[in-house]
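J.: no FASTA, just this:
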């Protein structure tokens, strides 16, 4: 899974969440020495065998949340939880940083979030394990939304009347696009399997989303089908592009699987922590290719959703600690 990358391509997208969200929450960011990456703090003590680690994307980091699920678990279980959540991360990101996995393997166990499929490589885009993609043909850096939106536009249905085209595109895509999506999903699975192979401590795989993965839940089958009428419909809600078939492959490879499907407290009104009044954030303070002013957090898990995740994780963590 090794790929050759230019110096520019290996530069990480260093999250601007703290700059963007300063009025709302202090993430106590610190720099991990060996990797040079910044993570949510305070900086952990890392006494071997006396901590657990959490790997994932911004949902694990806990955007707009003063007490994300790793911190809640720390308070409940009286053991340190190292929050290695990183904005836009997919499984390939952690494979590129074995120095982080060394920390993971000196702990008690690892909580690994089910991360987005859009943070994965394919024949058209190089991800470096992050959502900020490099277009192979041109070397341009694009958000995953923009990259796949352009790909959809290359296969428009202009020859068909608009109403019929919209309905057709909901269920049909050109084979080239389907091939790219299949390759992306296959690579995502390979990255997860490789990541699990590198982690020697017990793994809790965490599904943390507003939607079900489409697995059987009791007698009810909750499902999600692939759409192609626009990029957001094609991706689906976080974790984008991940479906039940993918989960059936990776869930059995973890020691435990925890599924948290919740939307409690979402959308979350953004409140200035200094004044107690409603406020806004500018997404361009995170990354210049983003535009938009938010007064509500409707994307990242709300504080209440983090509580729900911690409640489901707690008994599994206690079992591993005992």
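T.: Perfect, thanks for sending it. This one's a predicted model, so the numbers in the text were calculated from it and none came from an experiment.
J.: do I have it right that residue 46 meets residue 106?
T.: Yes. Counting by C-beta atoms under 8 Å, residue 46 touches residue 106, with 7.2 Å between them. To be clear about C-beta, it is placed using only N, CA and C from the backbone, and glycine gets the same treatment.
J.: can you pull the contacts of residue 231?
T.: 145, 148, 149, 152 (C-beta atoms under 8 Å, 6 or more residues apart in numbering).
J.: try 10 Å this time
T.: 118, 144, 145, 146, 147, 148, 149, 150, 151, 152, 153, 240 (C-beta atoms under 10 Å, 6 or more residues apart in numbering).
J.: now the two most distant members of these.
T.: Distance extremes for the contacts of residue 231: the farthest pair is 153 and 240 at 18.3 Å, using C-beta to C-beta.
J.: which of those two has more neighbours?
T.: Taking other C-beta atoms under 10 Å, residue 153 and residue 240 do not tie; residue 240 has more neighbours (19 against 9).
J.: next, the more buried one: secondary structure please.
T.: coil (DSSP: H, G, I helix; E, B strand; the rest coil).
J.: what about the residue nearest to residue 108 when sequence neighbours are not counted, which helix or strand?
T.: Closest residue to residue 108 apart from its sequence neighbours, by C-beta to C-beta, 6 or more residues apart in numbering: residue 52 at 5.0 Å. According to DSSP states H and E, residue 52 maps onto strand 51-56.
J.: quick one: average pLDDT of stretch 95-109?
T.: What stretch 95-109 shows for mean pLDDT is 97.
J.: pLDDT below threshold where in the protein?
T.: Filtered on pLDDT under 70, the chain yields the residue ranges 1-14, 155-172, 215-225.
J.: which strands and helices sit next to the longest helix seen in it?
T.: For the chain, the helix with the greatest residue count under DSSP state H is helix 175-198. Contacts defined by 3 or more C-beta pairs under 10 Å, 6 or more residues apart in numbering; DSSP states H and E place helix 175-198 against helix 91-95, helix 98-105, strand 110-113, helix 144-153, strand 203-209, helix 244-250.
J.: tell me where the stretch 201-322 of the chain has helices.
T.: 231-235, 244-250, 303-321 (DSSP state H, counting those that start in this stretch).
J.: cool, the stretch 1-150 of the chain as well?
T.: In the stretch 1-150 of the chain, helices defined by DSSP H, counting those that start in this stretch lie at 17-21, 58-61, 69-77, 91-95, 98-105, 144-153, listed in chain order.
J.: any idea which of those helices gets closest to residue 190?
T.: Across the helices of the stretch 1-150 of the chain, residue 190 has its closest neighbour in helix 91-95 (9.0 Å, C-beta to C-beta).
J.: on that earlier part again, residue 295: which of the helices and strands packed on helix 175-198 is closest?
T.: Among these, the nearest to residue 295 by C-beta to C-beta is helix 144-153 (20.9 Å).
J.: and the closest one, what other elements does it pack with?
T.: Partner elements for helix 144-153 (3+ C-beta pairs under 10 Å, 6+ apart): strand 125-126, strand 132-135, strand 141-143, helix 175-198, helix 231-235.
J.: in that helix, what's buried?
T.: Along helix 144-153, these residues count as buried under the neighbour rule (16 or more other C-beta atoms under 10 Å): 144, 145, 147, 148, 151, 152.
J.: could you dump the helices of the stretch 201-322 of the chain to CSV with distance to residue 21?
T.: What follows is these, written out as CSV (distance: least, C-beta to C-beta, whole Å):
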stretch, distance to residue 21
helix 231-235, 23
helix 244-250, 30
helix 303-321, 13
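J.: right, I'll leave it there.
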